[in-house]
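Asks: Whatever this is, show me its structure:
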Amino acid sequence: MSELRADTITSSDGSSPVTLTKQSAAKAFGAFDQRGSKISANTAGDTFNISSFSDTSTGIFSTSLTSSMSGTEYSSVSNIHYTGTNGTNSRYSRFSASSAYATGSFTTAGQYQNSASEDGYFTLNVHGDLA
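Replies: Below you'll find the model as predicted:
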């Protein structure tokens with residue numbers, strides 16, 4: 001049986017990291033806080049392969065990828081974390097979903113089940129093939 005041990009693996013140019021292409025690892029992940037409940041409002045937390053987040057309106061933001069995906073049929077899974085209330089009822093279900101997929105960007109929205117948009121602390125990850 002062979003064993004390979006390494007501290008760092010770089011691409012053939014010797015200066016950049018190796019890019020995962022046809023493997024099942026997440027191709028991007030990140031955290032974005034529109035509300036300022038975990039970090040400063042409209043601030044990105046830890047990210048990988050995300051060049052920027054842009055707050056477009058209440059509960060909606062766009063994500064730009066550093067390295068584009070090979071097509072628009074990739075998966076972005078998101079979650080909104082916020083324990084506040086919507087009006088007088090704090091028991092509304094919250095959900096988030098992504099749309100407007102382009103090879104280098106997509107849009108994510110967070111809403112209550114009654115369709116009210118909500119700013120919040122979002123986490124997301126992207127799976128698919130890089131270009």
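
Asks: Contact partners for residue 26?
Replies: For residue 26, the contact set (Cβ atoms under 8 Å, 6 or more residues apart in numbering) comprises 48, 125, 126, 127. Yep, even glycine has a C-beta here, placed from its N, CA and C like the rest.

Asks: what about the second one, which helix or strand?
Replies: With the criterion set as DSSP states H and E, the secondary-structure element containing residue 125 is strand 121-127.

Asks: Please list only the buried members of the contacts of residue 26.
Replies: When the contacts of residue 26 are checked for burial by 16 or more other Cβ atoms under 10 Å, the buried set is 125, 126.

Asks: on that earlier part again, mind listing the strands the strand holding residue 125 pairs with, and their directions?
Replies: Within its sheet, and counting by DSSP bridges, strand 121-127 is paired with strand 28-33 (antiparallel), strand 75-81 (antiparallel).

Asks: Check which element follows the shortest one along the chain.
Replies: Going back to what we said before, that points to strand 28-33. Reading on from strand 28-33 to the C-terminus, the next helix or strand found by DSSP H and E is strand 43-48.

Asks: can you check the longest one too?
Replies: Toward the C-terminus, strand 75-81 is succeeded by strand 94-102 as the next helix or strand (DSSP H and E).

Asks: how far is that following strand from where the chain is centred?
Replies: In this view, strand 94-102 has its centroid 10 Å away from the chain centroid, taken as Cα atoms, centre = their mean, to the nearest Å.

Asks: what do you get for stretch 42-61?
Replies: 8 Å.

Asks: now the closest residue to residue 73 other than its chain neighbours: how far from residue 8?
Replies: Among residues not flanking residue 73 along the chain, residue 128 sits closest, at 7.0 Å (Cβ to Cβ, 6 or more residues apart in numbering). According to Cβ to Cβ, to the nearest Å, residue 128 and residue 8 sit 26 Å apart.

Asks: cool, and residue 50?
Replies: For residue 50, the distance to residue 8 under the criterion Cβ to Cβ works out to 22 Å.

Asks: Repeat that for residue 36.
Replies: Looking at residue 36 against residue 8, where the rule is Cβ to Cβ, the gap reads 36 Å.

Asks: Those two: which has the busier surroundings?
Replies: Taking residue 36 and residue 8 together and counting by other Cβ atoms under 10 Å, residue 36 has the greater number of neighbours (12 against 6).
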